[in-house]
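# Give me the fold of what follows.
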Amino acid sequence: MENKNNIDFPISLQKDGYSIRHLQINDTESLAKNGNDKEIWLNMRNEFPYPFTSTDAEILITRAREEANTLVVAIANEQEAVGVISLLIHNDIRCHSGVLSYWIGREFWGQGIGTNAINALTKYAFSTLGLIRVYAKVFSTNIGSIRALEKNGFHKEGHFKKGVFKEGKFIDQVLYAKVI
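Numbering: from 1, shown residues only. Here you go, the predicted structure:
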């Protein structure tokens, strides 16, 4: 992947006043505020802590700058970072594929912001990073995320029965992908 510091951000979203852009240290408090929600945590890997504190947000921002094969950026409006979207670029035989991950604060759900962020980062992955496949693994119970992927032309490729174990129970996981 090209040097993340040279990436041409921000990328404007089709939603007035929203963009995806590099994470900044001054995003710490807004990320902590928007990410500290059990409903978000319930749909994330356990490495995303709950509660999600300012310290956790700082760690996220620091790691975003250090990760060699992962692009981690803010979903933001003019006032604050409202969420995060990332793309992990594989290496070796899967070097033209990337895994998409994202979360957005509950206050911003249902407004098309996450859908537009997925669209923008996926287009960027294909047109600038040269990927031919972008995919996401989501919990089958995360209907909003599934809808956002489908609206962006992602297709269901797999269903993993009891694919994840979260909060003491097994949950199915689904794989959605977009290929050019």
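# Poorly predicted segments of the protein, please.
1-8 (pLDDT under 70).
# where exactly do the strands run in it?
Secondary structure of the chain (DSSP state E): strands at 11-12, 19-22, 70-76, 81-89, 97-104, 133-139, 155-166, 169-179.
# For residue 32, which of those strands is the nearest?
Nearest of these to residue 32, taken as CB to CB: strand 81-89 at 10.0 Å. (Each C-beta comes from the backbone N, C-alpha and C, glycine too.)
# buried residues in that closest one?
Buried residues in strand 81-89, defined by neighbour count with 16 or more other CB atoms under 10 Å: 81, 82, 83, 84, 85, 86, 87, 89.
# Return the list of strands paired to it, each annotated with direction.
strand 70-76 (antiparallel), strand 97-104 (antiparallel) (DSSP bridges).
# Next, the angle strand 133-139 makes with it.
120 degrees (axes from the mean of the first three to the mean of the last three CA atoms, to 10 degrees).
# which helix of the protein spans the most residues?
Longest helix of the chain, by residue count under DSSP state H: helix 113-127.
# name the helices or strands packed onto that one?
strand 11-12, strand 19-22, strand 70-76, strand 81-89, strand 97-104, strand 133-139, helix 143-151 (3 or more CB pairs under 8 Å, 6 or more residues apart in numbering; DSSP states H and E).
# how far does it sit from the chain's center?
10 Å (CA atoms, centre = their mean, to the nearest Å).
# As CSV, could you dump the C-alpha coordinates of that helix?
These are the backbone C-alpha positions of helix 113-127, laid out as CSV (Å, rounded to 0.1, in the frame of the first residue of the first chain):
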residue,chain,number,x,y,z
ILE,A,113,-23.4,8.6,6.6
GLY,A,114,-21.9,5.1,7.1
THR,A,115,-23.3,4.0,3.7
ASN,A,116,-21.6,6.9,2.0
ALA,A,117,-18.3,6.3,3.9
ILE,A,118,-18.3,2.7,2.7
ASN,A,119,-18.9,3.9,-0.8
ALA,A,120,-16.1,6.4,-0.7
LEU,A,121,-13.5,4.1,0.8
THR,A,122,-14.4,1.2,-1.5
LYS,A,123,-14.1,3.4,-4.6
TYR,A,124,-10.7,4.7,-3.2
ALA,A,125,-9.6,1.1,-2.7
PHE,A,126,-10.4,0.2,-6.3
SER,A,127,-9.3,3.3,-8.1
